[in-house]
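Engineer: for reference, the sequence and a predicted model appear below.
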Amino acid sequence: MFNRALTSSMTTTAVALALALSPLSAQSQRLPTDMSQDPAIEGYSPLSYFEVGRPEKGSSAYTSTYQGKEYWFTSAEQVARFEADPAAYAPAFPDHCPYNLSLGRAVAIDPRNFLILGDHLLLFHDREEMASVGQGLDAEKADRMLQRARATRTNLLQLRFD
């Protein structure tokens, strides 16, 4: 009898936990890469977005680490510029789409979909969504979206299960 009650209680707890976390997992169309093994932003150089206006694949021969993530670059000159001011070039949200974070959802980025908004490199998960976010996005709306995204990211960090 005790085992059956314990099993029932554990099952109820597991179902409740799964339901509570389902909005995060249901929205994740792509899983974020494990940054301990893979380069940040799938190996694209963060400087290329600013310098040539498009993503370019970096090389493992030119790397720099910032906030625990290894970034790849196309040249030693890019590495030097990045290391001089990494906050100016690193994406604001290197793992998750800021628009979805602002809605409380954790959705991985596709680094080919980007906007440079003010001084921020923003990477999105979907080209259509990126385009719709970019249309009519004034500074005030962008600031609100980024504040909500930062708040969600903070909550996600608190939910880590190690």
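Structural biologist: On my side now, so go ahead. Numbering: from 1, shown residues only.

Engineer: domain-wise, how is this protein divided?
Structural biologist: For the chain, automatic domain parsing gives the domain ranges 30-87, 91-162.

Engineer: least reliable of these by average pLDDT, please.
Structural biologist: For these, mean pLDDT drops lowest on domain 91-162, to a mean of 84.

Engineer: thinking again about what came up before, could I get the domains of the chain as a markdown table with mean neighbour count?
Structural biologist: (Glycine included, C-beta is placed from N, CA and C.) Formatted as a markdown table, the domains of the chain follow (neighbours: other CB atoms under 10 Å):
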| stretch | mean neighbour count |
| --- | --- |
| domain 30-87 | 16 |
| domain 91-162 | 16 |
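
Engineer: and the strands in this protein?
Structural biologist: 59-66, 69-73, 114-117, 120-123 (DSSP state E).

Engineer: so which of those strands comes closest to Glu140?
Structural biologist: Closest to Glu140 of these, according to CB to CB: strand 114-117, at 12.1 Å.

Engineer: which residues touch the closest one?
Structural biologist: The set of residues external to strand 114-117 that reach it, using CB atoms under 8 Å, 6 or more residues apart in numbering, is Tyr49, Phe50, Pro55, Leu121, Leu122, Leu123, Phe124, Met130, Val133, Gly134, Leu137, Ala142.

Engineer: show me the contacts for the last one.
Structural biologist: By that I understand Ala142. With CB under 8 Å, 6+ apart, Ala142 has these contacts: Leu117, Gly118.

Engineer: I'd like to know how far it sits from Ala84.
Structural biologist: Using CB to CB, to the nearest Å, we find Ala142 at a distance of 26 Å from Ala84.

Engineer: what's the answer for Leu122, then?
Structural biologist: Applying CB to CB, the value for Leu122 to Ala84 is 22 Å.

Engineer: next: Tyr71.
Structural biologist: Separation of Tyr71 from Ala84 (CB to CB): 14 Å.

Engineer: what do you get for Gln135?
Structural biologist: Counting by CB to CB, the gap from Gln135 to Ala84 is 34 Å.

Engineer: since that was my last question, I'll sign off now.
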